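**Q** no sequence for this one, just the structure:
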């Protein structure tokens, strides 16, 4: 058997690259590829949505006798629903404003300043995002309830006041709980964009006499626009769809939002009102479309490319003694959003019951019961399998979609982009029902329903919008010169894709992968409707534990998940550091 | 927790060793043989992996060598999954354990369940529980009043539901939200019927604070956030022994939710499903539920329950919410608690 030398292999792969590139450059194959991509995305998003659309127009869900009417939509266009919507928008805007402000500030501090211990802070700031919301809700309930909350007890003891300092069961409590999740999520988004910025522009501003703040406001921030606007949009949309915070902290204060109304209409009505739930979701979706159009118009025709052919390394701004202030800000956020609630969880996991810290209640039983629980390990295995597979496929798909929509002029690219947005615009608990209906009503020969594939497909669909946004923001920053330069020097389409786009965008890919992976780990709505015996995932097992009153065991699993985050983020940051140094 | 699990598993093993007189019934022997041939049974349950439920399934597997696959879902998800699967012609489940009202709803809206047939242990059901053609009672979850024993003095303990309307508890009652479907609304509906319309009006004047997290609410009361919580599902407090809380069964009785078995249409393993239903009604299976502070549905179990569980196993029942009244009760609750 003959063997090939490395040169021959390289030459052959280059020829293959050229051929593939040529194929991609032809019109017919391009259309074919685009059509295949559109079909795939349509199956992932349009198909379940079409089932829901049917549900919104039909008096009964698919498979049941009923009639078509608009009663679901008529219920939506009423004064009480309008008030609900106003409430929801208000909460979402507030939380988006505060979390974006914090995320941009922390992103800048971590990526562009000489603040001490930035590497550690970067990992710590992102931690709250990865903890199941139900756990932090419980922890904040213990910390901030007006009667016996730890913070209020300390406040009363210190001030001698009879009044409470904070009340988490309020509008502010709902917003704060959302900010706690939103800030790390947005931070992950913007920090990479800050890193990918060519500091020459900032240096030019400084040399022209602009102050540090002026440079940040007039140069850094505008250049961050794609990432910031995308982050704003994602955060706002997610805010409209947030469920846990208003449920736990809003209900006692009689605060209702759109998602709690949807939840009630699906889970807590005499007969589940899917028609209203899906109609309301479609109205929200229509409004979200307006936002997405605004997003496109805002970015259209503007150039945000900061990563060009010129070599650069992210410049670290010397803050002098101010660096201790930035350090203190990060530490303060970490203390409030991580140490306080997670500390409660950690402490509580060693006691028989949360909040009862007596010597005779000290125990390791919760750790023993979790570590000795076969179901938990099986769920970990399934979740890891689905997480690794799902996150990888999702990011690959997201990278392709983002490439088509941002780096090509192909007709139809907007359709692809819209299709990829769709799952993000539908509240998760409604979309989950769409998947259930969609998979169950597939022709009998297609046996996705009741298998692990149903979960995988749902996860890919749910994760695609975020993977596309992450990769689009990254691609937006890459100059077209780089690709042109590569092609001029003889590289094929694939080579250019691999050695320029992939090489430069992979830190964002890694962030997107982590976000998607942990999104899969936390996803419950679709999981609980689509899982089958043997394919239980972690979120389903956590739900079981919670419903069985094992809050302490749930927190043990939550802490295990956080350890994983530490590990993942550490590996990711090490790789990014190596990559940045290699530039 | 580990101790509780251990005692449950020990009891489960005992069940496995019990011999049932019904095995002598030739017809039933045929069912048992057919069930063994089927080899497995798929149950849709809203027990969400509760240890006593798991223990009963394990004892069934040990006794008959039939594998049980239990798909745990919340009530509404369970009902929708069954409806969707059956509408799509995918008959994956054999049996379901779900509330009485949900089975009524299934019967009203479609053709999802089939006749259960004769189940020998149904003959052992105690009053007021009755099996129908399509459903068999499985267990009962009664609800009472939870108090914090540090905040409520012995003399002030509510004895009656009416005591909740004492002005001293104004603003001090934590309650499961009574407006949507759930335990809060079940209590609301039953008390509306049994205590008179003025009861709920007065309770609304007490300004109870609503919550939607039943599993955490008892802990909130234990921590001293509120002195009283309603409605407390007895079973949900059974694993909180050692905390300063007490479940009070009001003198008028306890509203309750009843869980029932139904055999799903076109079940692939109907005999195994029937055998499982029968096994659930074995005294030793029911004892596992009684010791977890639920009310057994068969005779001869309440008296065998652990000392701490006896009062709950023998609790006076007040009634359950009905399907017909649901919409009006939810509407009324919304009106009173706008």
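**A** All right, it came through fine. These numbers come from a predicted model, not from an experiment.

**Q** and the longest strand along chain B, how far from the chain's centre?
**A** The longest strand of chain B (DSSP state E) is strand B:135-148. Remark: strand B:135-148 is offset 6 Å from the chain centroid, using C-alpha atoms, centre = their mean, to the nearest Å.

**Q** Follow the chain on from that strand and name the next helix or strand.
**A** Proceeding N to C from strand B:135-148, the next assigned helix or strand is strand B:173-176, under DSSP states H and E.

**Q** Let's test this: mean pLDDT of the longest strand of chain B, rounded?
**A** Average pLDDT, strand B:135-148: 96.

**Q** near chain A at all, it?
**A** No: Strand B:135-148 lies apart from chain A when judged by C-beta under 8 Å from any C-beta of the partner chain; the minimum separation is 10.4 Å. In short, each C-beta sits where N, CA and C put it, glycine included.

**Q** Which elements pack onto that strand?
**A** Strand B:135-148 is packed against helix B:183-195, helix B:214-223, strand B:228-233, helix B:234-237, strand B:245-248, strand B:254-264, helix B:270-280, with contacts defined by 3 or more C-beta pairs under 8 Å, 6 or more residues apart in numbering or on different chains; DSSP states H and E.

**Q** Against which helices or strands is the last one packed?
**A** Same thing as helix B:270-280. Packed against helix B:270-280 by the contact rule (3+ C-beta pairs under 8 Å, 6+ apart) you find helix B:26-38, strand B:40-45, helix B:51-64, strand B:95-99, strand B:135-148, strand B:254-264.

**Q** Mind listing what's buried along the very next helix or strand once past the shortest one?
**A** On the C-terminal side of strand B:95-99, the closest following helix or strand by DSSP H and E is helix B:100-109. Buried residues in helix B:100-109, defined by neighbour count with 16 or more other C-beta atoms under 10 Å in any protein chain shown: B:100-107.

**Q** same question, stretch A:105-117
**A** Within stretch A:105-117, the residues that qualify as buried are A:105-113, A:115, counting by 16+ other C-beta under 10 Å.

**Q** which ones are touching residue B:274?
**A** Applying C-beta atoms under 8 Å, 6 or more residues apart in numbering or on different chains to residue B:274 gives the contacts B:31, B:35, B:116-117, B:119, B:263.

**Q** and the residue of the stretch 151-300 of chain B nearest chain A?
**A** Nearest residue of the stretch 151-300 of chain B to chain A (C-beta to the nearest C-beta) works out as residue B:180 at 3.3 Å.

**Q** Quick check on that residue: phi, psi?
**A** Dihedral pair for residue B:180: phi -80, psi 170, per degrees, to the nearest 10.

**Q** Am I right that it is in contact with residue A:266?
**A** No: Residue B:180 lies out of contact with residue A:266 (C-beta atoms under 8 Å); the separation is 10.5 Å.

**Q** quick one: common contacting residues for those two?
**A** By C-beta under 8 Å, 6+ apart, residue B:180 and residue A:266 have no common neighbours.

**Q** Show me the shaky parts of the chain.
**A** The chain I'm using is chain A. Along chain A, the model assigns pLDDT under 70 to residues A:1-26, A:196, A:198, A:299-315, A:576-583.

**Q** nope, chain B please
**A** Applying pLDDT under 70 to chain B flags the ranges B:1-26.

**Q** which ones are touching the residue in chain B positioned nearest to chain A?
**A** Across chain B, the shortest distance to chain A (C-beta to the nearest C-beta) belongs to residue B:87, at 2.4 Å. Contact analysis of residue B:87 by C-beta under 8 Å, 6+ apart lists A:61-64, A:440-441, B:110.

**Q** Greatest separation within the residues you listed: which pair is it?
**A** Spanning the widest gap among the contacts of residue B:87 are A:441 and B:110, at 15.6 Å by C-beta to C-beta.

**Q** Pull out the buried residues from stretch A:252-264.
**A** By neighbour count on 16+ other C-beta under 10 Å, the buried set for stretch A:252-264 is A:252-253, A:255-264.

**Q** hmm, I was thinking of stretch A:568-577
**A** Under 16+ other C-beta under 10 Å, the buried positions of stretch A:568-577 are A:568-569, A:572-573, A:576.

**Q** JSON lines please, covering the residues you listed and showing distance to residue A:285 and secondary structure.
**A** Formatted as JSON lines, the buried residues of stretch A:568-577 follow (distance: C-beta to C-beta, whole Å; DSSP: H, G, I helix; E, B strand; the rest coil):
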{"residue": "A:568", "distance to residue A:285": "32", "secondary structure": "helix"}
{"residue": "A:569", "distance to residue A:285": "33", "secondary structure": "helix"}
{"residue": "A:572", "distance to residue A:285": "33", "secondary structure": "helix"}
{"residue": "A:573", "distance to residue A:285": "36", "secondary structure": "helix"}
{"residue": "A:576", "distance to residue A:285": "35", "secondary structure": "helix"}
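
**Q** which of those residues lies closest to residue B:45?
**A** Closest to residue B:45, out of all of the buried residues of stretch A:568-577 and judged by C-beta to C-beta, is residue A:568, at 34.8 Å.

**Q** if I pick that closest one, what's in contact with it?
**A** Contacts of residue A:568 (C-beta under 8 Å, 6+ apart): A:514, A:517.

**Q** Narrow the contacts of residue B:274 to those that are buried.
**A** So, of the contacts of residue B:274, B:31, B:35, B:116, B:119, B:263 end up buried under the neighbour-count rule (16+ other C-beta under 10 Å).

**Q** Got the phi and psi for residue 46?
**A** Because you didn't say which chain, this covers chain A. Here is the backbone geometry of residue A:46 (degrees, to the nearest 10): phi -70, psi -40.

**Q** Spell out which residues of the stretch 301-450 of chain A are next to chain B.
**A** Contact residues, the stretch 301-450 of chain A versus chain B (C-beta under 8 Å from any C-beta): A:352-356, A:361, A:365-366, A:368-369, A:375, A:433, A:436-437, A:440-441, A:444, A:449-450.

**Q** Show me what counts as buried in the strand or helix carrying residue A:279.
**A** In this assignment (DSSP H and E), residue A:279 forms part of helix A:274-299. Within helix A:274-299, the residues that count as buried by 16+ other C-beta under 10 Å are A:274-285, A:288, A:292, A:295, A:299.

**Q** same check, this time on stretch A:491-502
**A** A:491-497, A:500-501.

**Q** Could you identify the most distant pair in these?
**A** With C-beta to C-beta as the measure, no two of those lie farther apart than A:492 and A:501, at 13.1 Å.

**Q** so what sits against both of those two?
**A** Residues touching both residue A:492 and residue A:501 by C-beta under 8 Å, 6+ apart: none at all.

**Q** Quick check: closest non-adjacent residue to residue 212.
**A** Looking at chain A here, since you left the chain open. residue A:317 (6.7 Å; C-beta to C-beta, 6 or more residues apart in numbering or on different chains).

**Q** Please refer instead to chain B.
**A** In space, residue B:212 is closest to residue A:251, 4.9 Å off (C-beta to C-beta, 6+ apart).

**Q** what kind of secondary structure is that neighbour in?
**A** Here residue A:251 is helix, with the state taken from DSSP: H, G, I helix; E, B strand; the rest coil.

**Q** Helix or strand next in line after the helix holding residue A:279, which one?
**A** Later in the chain than helix A:274-299, the nearest helix or strand by DSSP H and E is helix A:322-334.

**Q** Show me what that next one is packed up against.
**A** Against helix A:322-334 (3+ C-beta pairs under 8 Å, 6+ apart) you get helix A:79-112, helix A:118-126.

**Q** Mark out where each domain of the chain begins and ends.
**A** This is for chain A. A:79-300+A:314-348, A:359-583 (automatic domain parsing).

**Q** try again with chain B
**A** Split into domains by automatic domain parsing, chain B comes to B:2-140+B:257-313, B:142-255+B:317-336.
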